[in-house]
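Trainee: okay, structure incoming, though there's no sequence with it:
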């Protein structure tokens, strides 16, 4: 079976490995098609124009990236594939991102999180009050709060907002609208309409990434609302390394009813805490067959840059 992985990250965003190393890992895994989908840039695909880099992988590489945007205040990410003119697309999104003072935004978000925990009389280490620039501030703060506080008391104070990990807290509380920890990142993000228009104008297609990662209370209702309002989104990521069989089956049915394309990938970053491997995209032990691409590859020319 020919295997594919259409979602992974390099050092150009928040991945651990450089492009050449990723390609070597994909080759060793026996993958036939991959896409490197870094956040808000496609610098990896510009680097792939160098044959010395490209020759590390014998299969096909599809141009791709993961774009951060929002829908009604909820942070979401869209996977873009098959767009033309990699340099132009990269310049557009890099310029958009660089025009935003993310350091100051993160500090404002950290202040908001601390203020809310203070109001709830929840204890945390004093280092967070002294330094608002700690990387992944909210996630690390919450992980320490789990250690500093009695679990049952914390559950009583937080109610439905209680989270098992800092990562879950950030997705479920800080990035989600309508709760006491919410921070409105959406006003700093690239507008969803602009993302869709730009990618489509440049020949690309768009998929909602990892729909069950956003920790939304009713993800199925959210999907209906998103695709009702934005029928221009071409597809949805169905296969993902930690989705359950039930979640995959629901997305497949949802995509079929709405005539959406489906994609899938490992979302490999190389971080040990993620416990996922490149190419392993289904329940942490299954592979995606190449046939997945047959439904959305037709009539789309192969990129001159990416096909060896």
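Mentor: On my side now, so go ahead. The shown structure was predicted, so the numbers you read here are calculated from the model rather than taken from an experiment. Numbering: from 1, shown residues only.
Trainee: pull up the gap between residue 12 and residue 269, please.
Mentor: 12 Å (CB to CB, to the nearest Å). The way it works is simple: take the backbone N, C-alpha and C, and place the C-beta from them, glycine included.
Trainee: over to residue 80?
Mentor: From residue 80 to residue 269 the distance is 18 Å (CB to CB).
Trainee: more neighbours: which of those two?
Mentor: Taking other CB atoms under 10 Å, residue 80 and residue 269 do not tie; residue 80 has more neighbours (27 against 18).
Trainee: now for that one: which residues touch it?
Mentor: The contact partners of residue 80, by CB atoms under 8 Å, 6 or more residues apart in numbering, come to 64-67, 89, 199, 204-207.
Trainee: which ones among those residues lie within strands?
Mentor: 64-67, 205-207 (DSSP state E).
Trainee: make JSON lines out of the residues you listed and add distance to residue 164, neighbour count and pLDDT.
Mentor: Formatted as JSON lines, these follow (distance: CB to CB, whole Å; neighbours: other CB atoms under 10 Å; pLDDT from 0 to 100):
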{"residue": "64", "distance to residue 164": "31", "neighbour count": "26", "pLDDT": "98"}
{"residue": "65", "distance to residue 164": "30", "neighbour count": "28", "pLDDT": "98"}
{"residue": "66", "distance to residue 164": "25", "neighbour count": "26", "pLDDT": "98"}
{"residue": "67", "distance to residue 164": "28", "neighbour count": "25", "pLDDT": "97"}
{"residue": "205", "distance to residue 164": "35", "neighbour count": "18", "pLDDT": "96"}
{"residue": "206", "distance to residue 164": "31", "neighbour count": "24", "pLDDT": "97"}
{"residue": "207", "distance to residue 164": "28", "neighbour count": "29", "pLDDT": "98"}
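Trainee: closest to residue 121 among those residues?
Mentor: residue 66 (38.2 Å; CB to CB).
Trainee: what's near enough to touch that closest one?
Mentor: 7, 9, 13, 37-40, 77-80, 209.
Trainee: how many neighbours does the closest residue to it other than its chain neighbours have?
Mentor: Residue nearest to residue 66 in three dimensions, not counting chain neighbours: residue 37, with 4.5 Å by CB to CB, 6 or more residues apart in numbering. Residue 37 has 30 neighbours, counted by other CB under 10 Å.
Trainee: what's the distance between residue 37 and residue 183?
Mentor: Taken as CB to CB, the span from residue 37 to residue 183 is 25 Å.
Trainee: my read: residue 226 touches residue 214, true?
Mentor: No. Judged on CB atoms under 8 Å, residue 226 makes no contact with residue 214 at a distance of 10.6 Å.
Trainee: okay, and the common contacts of the two?
Mentor: What both residue 226 and residue 214 touch, as defined by CB under 8 Å, 6+ apart, is the set residue 76.
Trainee: out of the contacts of residue 80, which is nearest to residue 130?
Mentor: residue 66 (33.5 Å).
Trainee: what about the closest one, distance to residue 208?
Mentor: 11 Å.
Trainee: need the residues touching each of these two.
Mentor: What both residue 66 and residue 208 touch, as defined by CB under 8 Å, 6+ apart, is the set 77-79.
Trainee: mind listing the strands for the stretch 151-300 of the chain?
Mentor: 205-208, 235-240, 261-265, 288-289 (DSSP state E, counting those that start in this stretch).
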